[in-house]
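K.L.:
Attaching a predicted model along with its sequence, questions to come.
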Amino acid sequence: MPPSRHTLQQMPEKLVIGRRTHELKKCRSPELTDVGILVAGITAARPPYAVTRHCLRDGHVIGTIEGEGEIWRDGQWQRCRAGSVFINPPNSAEAFRAIRGSTWTFCWLHTFPEFFAADPAGETRIIEADLRLFQLAIEGYLHSSRSIETRQMSGLWADLVRAYSLRLLHPSGGARERPRRLSRRDGARRPLSDLAGLQAMTGLNCKQLRRYLGAFVHRPVPHAALATLTPRERNTLDLLAAGCLYKEIADQLGISLDTVRSHLKSIYGKLHVHSREEAVQCLQDGARVPQPSQG
């Protein structure tokens, strides 16, 4: 894109969410505060979503999961796609926005200024990285913190969020650390991405850990996942939840049975489910998630 004659400081500050943007977040919990993080969340942003801040006292990390958005860098708007990571140290300006024709899904966190104390670059930047572990850690934390039955595990997930965030700040690996709580476990010497290493660090047996991981890190955050559906896919899912048969869905939407099946295949993929019942449950879970107040 061509450079703009404006600087970021000349832009008016704004925080526009919009009704089509959804997010799930957790603010100022003891587990996050203990590892230097203020807020963590996942957002599915659509226009008019836009944020401009002249000075953010917190550190900020945004990792794009899918779709596209734009971030202001070097005097112009730059596209960020899956794998792009925006790193903004404390007391820095920032501007980012959703764009037409795309749902920009990203995981993010605000940190205490001290979190960036050992940041080798010390400047605003965009890097490319494998975000799977960062994303799974945030998803695991958000899901565990929402349930009384699994809340005791939220501290573990918060530690993993910190560990994988530091890997983004230090891609060369020079200043990585094991999570604080996990480092107190005997035998915690295996990589965090290794199942046996997680087993040693958590004290869970392999069967328990596999069940826990399967229940949380592979389940989509309801609002963020639902926001990726097209209007026609959402209509199809709503009718499915109402108990309609495939033929009834086709008749009501004026489409063929093959198109209904195509929509459902896409819906199942986006929601990471494998059956009608799981898709309807995801829709019901998403309806219970409160709308955001900020991003």
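P.N.:
Thanks, I have the structure now.

K.L.:
List the buried residues in stretch 114-130.
P.N.:
Neighbour counts over stretch 114-130 (16 or more other CB atoms under 10 Å) mark Phe115, Phe116, Asp119, Thr124, Ile126, Ala129 as buried. (Each C-beta comes from the backbone N, C-alpha and C, glycine too.)

K.L.:
Filter the residues you listed down to just the ones in helices.
P.N.:
Residues of these located in helices (DSSP state H): none.

K.L.:
May I ask which two of those are separated the most?
P.N.:
Farthest apart among the buried residues of stretch 114-130 by CB to CB are Phe115 and Ile126. That separation is 18.7 Å.

K.L.:
sorry, back to before: so which one among the buried residues of stretch 114-130 has the lowest pLDDT?
P.N.:
Lowest pLDDT within those is found at Asp119 (83).

K.L.:
thought that residue was touching Pro171?
P.N.:
No: when contacts are counted by CB atoms under 8 Å, Asp119 is not listed as touching Pro171 (11.6 Å).

K.L.:
Let me have the buried residues of stretch 114-130 in a markdown table, adding distance to Trp104 as columns.
P.N.:
Formatted as a markdown table, the buried residues of stretch 114-130 follow (distance: CB to CB, whole Å):
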| residue | distance to Trp104 |
| --- | --- |
| Phe115 | 24 |
| Phe116 | 24 |
| Asp119 | 25 |
| Thr124 | 19 |
| Ile126 | 14 |
| Ala129 | 17 |
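
K.L.:
any idea which of those is closest to Leu38?
P.N.:
The closest of those, once distances to Leu38 are taken by CB to CB, is Phe115, at 9.0 Å.

K.L.:
residues touching the closest one, list them.
P.N.:
Contacts for Phe115 (CB atoms under 8 Å, 6 or more residues apart in numbering) come out as Gly36, Ile37, Gly59, Ser165.

K.L.:
That one and Leu283: what is the separation?
P.N.:
36 Å (CB to CB, to the nearest Å).

K.L.:
And Thr43, by the same measure?
P.N.:
Thr43 is 19 Å from Leu283, by CB to CB.

K.L.:
now do Ala95
P.N.:
34 Å.

K.L.:
What are the structural domain limits within the chain?
P.N.:
When the chain is parsed with automatic domain parsing, its domains come out as 8-216, 230-287.

K.L.:
now, of those, which is deepest in the fold?
P.N.:
When the domains of the chain are scored by mean count of other CB atoms under 10 Å, the highest mean neighbour count falls to domain 8-216 (a mean of 18).

K.L.:
Now Arg162: closest residue in space that isn't a chain neighbour?
P.N.:
Val35 (4.0 Å; CB to CB, 6 or more residues apart in numbering).

K.L.:
quick one: low-confidence parts of the chain?
P.N.:
1-6, 147-151, 172-224, 285-295 (pLDDT under 70).

K.L.:
shouldn't Pro47 be in contact with Ser102?
P.N.:
No: contact criterion CB under 8 Å: Pro47 and Ser102 do not qualify, at 9.1 Å.

K.L.:
Just to be sure, Phe134 is in a helix?
P.N.:
Yes: assessed by DSSP: H, G, I helix; E, B strand; the rest coil, Phe134 belongs to a helix.

K.L.:
and it, what does it touch?
P.N.:
Counting by CB under 8 Å, 6+ apart, the residues that Phe134 touches are Gly63, Cys107, Val161, Tyr164, Ser165, Arg167, Leu168.
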